[in-house]
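Trainee: Okay, sequence plus prediction incoming.
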Amino acid sequence: MRAVVDTELWETVAESLANGSWTLLGLWGEQGVVHMAVLDEPASDLAVISLNCPDGRFPSVGRRHPPAIRLERAIWDLFGLKPTGMPDARPWLDHGRWGLHQPLGGRRPALDVEPYPFLPVEGESLHQIPVGPVHAGIIEPGHFRFTANGETVVRLEARLGYVHRGLEGLMAGADLDHAARLAGRASGDSTVAYASAFARAVEAALDVRIPFRAAWLRALMLELERLANHLGDIGAICNDAAFALMHAHCGVLRERVLRAAGKAFGHRLMMDQVVPGGVGLDPDNHGLEALAALVDEIRLRFPPLVELYDNTASLQDRTVATGVVTPALARQFGVGGFIGRASGRCFDARKAFGGAPYRMLTFDVPVLEEGDVDARVRIRIREVEQTLSLITQILERLPAGPVRSEIPRRAGEGIALVEGFRGDVFAWVRVDRTGAVLRGHLRDPSWFQWPLLEAAIEGNIVADFPLCNKSFNCSYAGHDL
């Protein structure tokens, strides 16, 4: 599953990423070692390679493959491992507040630049607009530095890392149950996806087969999480285009999903219900009936909202041809979820690595080529329809039986890739014989999505940034970890 390689092979893999043969899934470190996960999309095959760094250095992947740049900056911040030849040596997670304390070890030399050195932009009649990190709304912190010519954005550069919690450091040494709870809190809107990825990585490490019913219940929770978030996003995007009616109606439907999830699984977000070995709660008939009624209600109320979106010219004026991500850029960054599928990248971990029950269920993966805000809305709409079908199939065919297997106490290492609502969530974990986590790593899809937001807004007007940003809906917490 994981191979230790030499510098020459490491650079060969980096070259394969750069020429598009493979897709970068993750890049992370630990004391004296750096790891890289890659995906062979046509073969649906994952691989993890590791490079020992006795001198505290490793060849930069970002030098050849830009999607790796921010990941390398984070590795240098967290572990003091310097990517040689890196094109951008600025700190990423370290905002100059860590002092002598380093959460996971290592210490990079501080840059003698204050404040943060945003990239320069040259040209006539340019001005900068700083936004954040504290925002007017109740959202997480992030700083956005716009360079504009009049109303037209020439460059956007984001500064993130404000909600870094040292999650991987907290996970090291934790028992599996506590580590699973930490994983489920990486990004609250994707708690099921993160918990599922962590649990599946543990199960792969320890060669554990979960009960059939547990696998189906996990899929049910994943689809409920996808449904709630897509409904909320569709409404929020329309709200940022000054169409509050859609926001209100979609908000009602999202609330219906959360209430039904709470009735079935004991928590509106279904937090802590996916655990290593299976699931923590088996819904009773009343809970399952609530989910069936939910599907009937949304199938009745959602199509008129889609028609309303289609027939509102003021919405189309704001969303069509706004914030375009080209298929080439989506492919280069291996961007997942509705962002990738709106820009022609047909990848869905449920199809590629879903296992039970997805291989036994019927569903399509919608793909568009336009890559604009409208395409990202329409992908969400199609995925709502597919998710309603999946929930119905699961409820109709849900097998009986136990919902949790015993986790043995032995050492192991495993990986997993799970399709969350935002895209693919990657997890890697190493456990010891006592059942404690030696190291764990979680990678949010937002690592590869945030940079594309910067590209998407260029050439658009400043007033379209909230619309573009909402159509991406990247996670701050999941990215910063």
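Mentor: On my side now, so go ahead. Numbering: from 1, shown residues only.

Trainee: quick one: the helices in the stretch 51-200 of the chain?
Mentor: 69-79, 167-171, 176-183, 191-206 (DSSP state H, counting those that start in this stretch).

Trainee: and those as a markdown table, adding mean neighbour count and distance to Arg155?
Mentor: Glycine gets a C-beta too; all of them are placed from N, C-alpha and C. Formatted as a markdown table, these follow (neighbours: other CB atoms under 10 Å; distance: least, CB to CB, whole Å):
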| stretch | mean neighbour count | distance to Arg155 |
| --- | --- | --- |
| helix 69-79 | 24 | 16 |
| helix 167-171 | 20 | 31 |
| helix 176-183 | 20 | 35 |
| helix 191-206 | 26 | 32 |
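
Trainee: what's near enough to touch the residue lying closest to Leu51 once chain neighbours are set aside?
Mentor: Using CB to CB, 6 or more residues apart in numbering and skipping the chain neighbours, the partner closest in space to Leu51 is Trp10 (4.8 Å). Neighbouring residues of Trp10 by CB atoms under 8 Å, 6 or more residues apart in numbering: 36, 49, 51, 58-59.

Trainee: which ones are touching Leu217?
Mentor: If you count contacts by CB under 8 Å, 6+ apart, Leu217 has them with 279, 282-283, 398, 403.

Trainee: Please identify which of those residues is nearest to Glu413.
Mentor: Val279 (23.5 Å; CB to CB).

Trainee: returning to that earlier point: for my notes, please list the helices of the stretch 51-200 of the chain in CSV and give mean pLDDT for each entry.
Mentor: Converted to CSV, these look like this (pLDDT from 0 to 100):
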stretch, mean pLDDT
helix 69-79, 96
helix 167-171, 94
helix 176-183, 97
helix 191-206, 97
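
Trainee: from the chain's centre, how far out does the longest helix along the chain sit?
Mentor: In the chain, with assignment by DSSP state H, the single longest helix is helix 212-240. Put simply, helix 212-240 sits 14 Å off its chain's centre (CA atoms, centre = their mean, to the nearest Å).

Trainee: One more: stretch 355-371?
Mentor: On the basis of CA atoms, centre = their mean, stretch 355-371 sits 17 Å off its chain's mean C-alpha point.

Trainee: contacting residues around that stretch?
Mentor: For stretch 355-371, contacts defined as CB under 8 Å, 6+ apart pick out 212, 215-216, 219, 321, 324-327, 330, 341-346, 348, 350-351, 375, 378-379, 382-383, 386, 389-390, 393-394, 397.

Trainee: now stretch 194-201
Mentor: Contacts of stretch 194-201 (CB under 8 Å, 6+ apart): 179-180, 183-187, 218, 221-222, 271-277, 414-418, 420, 425-429, 440, 442, 478.

Trainee: In strands only, show me the contacts of Trp10.
Mentor: In this view, the contacts of Trp10 that belong to strands under DSSP state E are 36, 49, 51, 58-59.

Trainee: so what's the residue nearest to Ala236 when sequence neighbours are not counted up against?
Mentor: Of all residues not flanking Ala236 in the chain, Lys470 sits nearest, at 5.2 Å (CB to CB, 6+ apart). Contact partners of Lys470, counting by CB under 8 Å, 6+ apart, are 233, 236-237, 240.

Trainee: For those residues, pick the one with the most neighbours.
Mentor: Highest neighbour count within these: Ile237, with 30 neighbours (other CB atoms under 10 Å).

Trainee: Could you check how far that one is from Leu395?
Mentor: Note on Ile237: its distance to Leu395, by CB to CB, to the nearest Å, is 29 Å.

Trainee: what is the rounded mean pLDDT of stretch 38-48?
Mentor: For stretch 38-48, the mean pLDDT works out to 92.

Trainee: Quick one: end-to-end distance for it.
Mentor: Distance across stretch 38-48, first residue to last, is 6 Å (CA to CA, to the nearest Å).
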